[in-house]
Every structure is written in structure tokens, then in C-alpha cells.
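Engineer: generate a structure from the sequence data that follows.
(2 chains)
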Amino acid sequence: MMRILVGTEKGAYLLSESGSDWQVEGPMFPGWKVTAFGQTTGGTHVAGVGSNWFGVGVHHSENLVDWKPSDSPPAWPEGSERKMEQIWTFHNDGDRLLAGVAQAGLFASDDGGMAWDPVTSLNEHRTREHWYPGAGGLCAHRILSGSGSMWVGISAVGVFRSDDDGATWVAKNDGIPSVDTAEGGERPEVGYCVHGLAHDPADPSRIWRQDHQGVFRSTDGGDTWERIEEGLPAGFGFVIWRHPGTGRLLTIPLESSENRVPVDGKLRAYASDDDGASWSVAGSGWSDAPQFTGVLRRAFDGDGDSGFCFGTSGGKLWLTRDVGETWQELSASFPRIAAIRIVA
Amino acid sequence: MSITVRIPRVLSQAVTSGLRHQAEGETLGAVLDDLFIREPGLENHLLDEDRKIRPHVLIFVDAARADLETPVGPSSEVQVLQAVSGG
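Structural biologist: This is a model prediction of the structure:
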């Protein structure tokens, strides 16, 4: 039985499969934005919440119903000029739980997400004074790890890689157009607007990147990137996901940076079965009705098997159980969806 | 002395024991510090990184807007207000 956690602009919801229908519980965290979900290696669920007025919080649950707040969620040190604006993502790296936040930073917890310490090697990177926010803010929103390396994607800054357990970080954006460099100008070290990252767990140096400037891949851990958009109606978007079993890639193109809705209102996932060399519409089941909505960068998840779900900024959920061959739009509607997690 | 501190419903998820609390102190800051001992999840939501009242959080002592230095009397009541803007 599939269960889906849905984090929205106004609370979180838990969808549980019930026969051919879905039971909806919630809202949890009424009045709060729910922006990230995760799970400790011990099995405890974690949720990142935020408010325009009351800051951010991290909550824990064993049963997805009863949630307890962390006494010390990620916070910048006293006196810091930075503000803790949003929890963007959680990531398991061994027994350590990592959180990517805005204003951009990486935090680590060694006690299952109760107490958090800043990862100063990245947060105080020598390029920090040149980190500037994009439309989505200055946020560390995606973390990958494997084979002794770690990658962090920071919007409007770029991808950083560490090969020494987070002691040092190097920007890895060669081949990506900068967001603000005139053609022919000198390439800056930072200023690359990564929107999403996915990699091959069996070979973590193979990475796919949905960027503000298009869709790219790297076969060398991010040292170099090449554009891969053949068959896509647009290069812009936020979603990039790789099925761990088949290697199928999914992305959901949006028209452009200026017009962040599907081209001609045709909301579709696009699939690639050749590592991104070519793309085509993924399967069937899509609506022919115009759908001028978007999909945000954390609003999708796979279940580790053949299931994949994404939520839209219009509050709808789309689900496939066969890695994108057939799609179903769930009937329930929600506030603007920011985060999705499929739970067992 | 024991001072009543009322918090808005939206913060109920951050506390362990309801919306009405008792705390002690001679200033608002001291009262909140005492409250945070029992309700540590509240601190981050009322105070910012500089331990100042968050910019859009209003706290009243006896119906007058207060800062952390505002004196609190033995029969005072502290009220944290719910922000009402937004859609």
C-alpha cells in the first residue's frame, strides 16, 4: 500500500491507498509551509516546516501522525547576518542526516535530526561573498553522495563537490552557462543556477542536472557537463529523476525562465532511456486539458520500486506505478505543493 | 510570581502543553527565557538568530506592545499575537 506525504504552502497531508481510492489525512502543521521530508537511518520521519513570521522548524515522527519539534533546528550562529528562511532538503549520508537550507547552507545532525551543526567548510566557502539569490532564493536544495564523494546543489550558485568527507569543496560547473555572464566574458567560479540533480548510485560520478539554463549530464563527477535536450520542448524546469532499477530518466519541462508553465499548457513528463541522449513524452494518461501549472524542485519522489509521484504548484498530484508508462492524476486538490515523499 | 503567557494556536505544534503557560521573570526577556526551559521548541519561533523578537512577531504585556526589556509585573499577562496577513 503506497503512502504519500504531501508538503504544501499550507500544511502537510498524508495520502494512504485504500482500495482504488485514497484516504487523505491532514492538514498536519496547519498554518505552516511544509517544505521537506526525510527519514533517519533509524526510521524516524522528519519534516521541515516554515513560516513567514515564526521561522523554521524540524519535526520528528515515528508514525506520520504524531510529530514532535526539534529543540534546536538548523540555525545560523548568533550574530550572523544570514537568516534561516527554509529547510529545503534532507539527505542521509551514512548515519548522518544532512539538511540543505536557505539562506544557503548545509547542516549536519549526528543524533537523528534533533541537534544540528553548520557545515562550515561549505557555508563559509571562500566564494561565499559572491553567492547571490535567484528567484527561488539562495538555497541549498539538493544533496547527493556516494563512493566517498558528496555533491550539493545551490540555486544561483552552482554545484559543489567534496571528495574528503566534507572537509573541502570545489565548484563543479564547467560546461554550464552562467546566469549573468555575457557571451565571451570570463567565466565566474560561481553563479550557476542548478535546479535539480540525480545520479547513478552504482556509479555516482554519472550525474544528470536540470539547470536554469537547460538539461545537462556529467560522466566525471561534475568535472564537465554536456547539454542533453534532444526531444525536449524546452530546457527549463526543476525536475530530474533517475529510476534506480532501469536507469530511466524523467524530467518535466517548463517553457522558460520567464514563463514557468508547460509549453502550450501540456503538462508532461519526458523520459529518456539512453542516459539523456534523447527524450520523448513519458507514456500515456496525460490530460488534454490545458494545465498551466509548474512543478517545484522538491515536489517529486520515487518509491524505490516502480512508483514515482509529482505534485504541482496548482495542487494536483500525478502518479505512475510503472516508471512512467501510465500516469494517473489523483482527484484530490491541495495548496501549492512544495515537497513529496513516498513512504512504505 | 507566576505570569501567564498565551501563545497563538499556530504555535501549538512547537509546544508540549497547550497554548497557556506559566513563567517567571521581571522582564519579558526573562519570562520568555524561563518559558523556553520547559518549552524549548518555542524559542526559535519567537526569537531570531540575534535573540531579538522576530520582525513580524508581536508580543504584548498587559495589552501594550513590548520588547525584551519591558518590565513584567506579578499579575501581568503576556500575549503572543498571531500574524494575520497573507492569503
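Engineer: every contact and neighbour count from this point should use C-alpha atoms.
Structural biologist: OK.
Engineer: enumerate the residues of chain A near chain B.
Structural biologist: Applying the criterion C-alpha under 8 Å from any C-alpha of the partner chain, the portion of chain A that neighbours chain B consists of A:29-32, A:53-57, A:67-73, A:75-80, A:83.
Engineer: where does pLDDT dip in the chain?
Structural biologist: You didn't say which chain, so I picked chain A. Counting by pLDDT under 70, chain A contains low-confidence ranges at A:181-184.
Engineer: nope, chain B
Structural biologist: Across chain B, the ranges flagged by pLDDT under 70 are B:1, B:85-87.
Engineer: how about the residues of it by chain A?
Structural biologist: Within chain B, the positions lying close to chain A (C-alpha under 8 Å from any C-alpha) are B:10, B:13-15, B:40-41, B:44-46, B:48-51, B:54-57, B:83.
Engineer: which of those fall within strands?
Structural biologist: Among the residues of chain B next to chain A, no member falls in strands (DSSP state E).
Engineer: buried subset of the residues you listed, written for PyMOL?
Structural biologist: In PyMOL syntax, the buried subset of these is picked out as below (16 or more other C-alpha atoms under 10 Å in any protein chain shown):
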select buried, chain B and resi 10+13+14+15+40+41+44+45+46+48+49+54+57
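Engineer: all helices of chain B, in order?
Structural biologist: If DSSP state H is used as the criterion, the helices of chain B fall at B:28-38, B:40-46.
Engineer: just the endpoints, please. Distance across stretch B:7-20?
Structural biologist: Start and end residues of stretch B:7-20 are separated by 7 Å (C-alpha to C-alpha, to the nearest Å).
Engineer: check contacts around A:Ser333.
Structural biologist: A:Ser333 makes contacts with A:Gly315, A:Lys316, A:Leu317, as judged by C-alpha atoms under 8 Å, 6 or more residues apart in numbering or on different chains.
Engineer: so how many other residues sit close to the second one?
Structural biologist: To tie it back to what came earlier, the one meant is A:Lys316. Residues near A:Lys316, counting by other C-alpha atoms under 10 Å in any protein chain shown, number 19.
Engineer: find the nearest non-adjacent residue to it, please.
Structural biologist: For A:Lys316, ignoring the flanking residues on the chain, the nearest one in space by C-alpha to C-alpha, 6 or more residues apart in numbering or on different chains is A:Ser333 at 5.3 Å.
Engineer: likewise the first one?
Structural biologist: Of all residues beyond its chain neighbours, the one nearest A:Gly315 is A:Phe334 (4.3 Å), with distances taken as C-alpha to C-alpha, 6+ apart.
Engineer: the nearest residue to B:Leu28 once chain neighbours are set aside - how many residues pack around it?
Structural biologist: In space, not counting the residues next to it along the chain, B:Leu28 is nearest to B:Leu68; the distance is 4.9 Å by C-alpha to C-alpha, 6+ apart. Burial of B:Leu68, expressed as a neighbour count using other C-alpha under 10 Å, amounts to 16.
Engineer: do B:Leu35 as well
Structural biologist: The local packing of B:Leu35 (other C-alpha under 10 Å) involves 19 other residues.
Engineer: same question for A:Val34.
Structural biologist: 32.
Engineer: ditto for A:Asp220
Structural biologist: The burial count for A:Asp220: 13, using other C-alpha under 10 Å.
Engineer: secondary structure class of it, three-state.
Structural biologist: With DSSP: H, G, I helix; E, B strand; the rest coil as the basis, A:Asp220 sits in coil.
Engineer: quick check: A:Gly158 touching A:Cys193?
Structural biologist: Yes - A:Gly158 lies in contact with A:Cys193 (C-alpha atoms under 8 Å); the separation is 5.6 Å.
Engineer: and those two? Which one has more around it.
Structural biologist: A:Cys193 (26 against 23).
Engineer: so the more buried one sits against A:Lys172, correct?
Structural biologist: No - when contacts are counted by C-alpha under 8 Å, A:Cys193 is not listed as touching A:Lys172 (12.0 Å).
Engineer: overlap of the contact sets of these two?
Structural biologist: Overlap between the neighbourhoods of A:Cys193 and A:Lys172 consists of A:Gly158, taking contacts as C-alpha under 8 Å, 6+ apart.
Engineer: residue boundaries of the helices in chain A?
Structural biologist: Using DSSP H, helices in chain A cover A:120-123.
Engineer: okay if I get the helices of chain B as a markdown table plus distance to A:Asp164?
Structural biologist: Output for those, formatted as a markdown table (distance: least, C-alpha to C-alpha, whole Å):
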| stretch | distance to A:Asp164 |
| --- | --- |
| helix B:28-38 | 38 |
| helix B:40-46 | 32 |
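Engineer: so what's the residue sitting nearest the centre point of chain A up against?
Structural biologist: Compute the mean C-alpha point of chain A, and by C-alpha atoms, centre = their mean the closest residue is A:Arg298, 3.4 Å away. Shown here is A:Arg298, whose contacts under the criterion C-alpha under 8 Å, 6+ apart are A:Thr35, A:Ala36, A:Trp88, A:Thr89, A:His141, A:Val239, A:Ala338, A:Ala339, A:Ile340.
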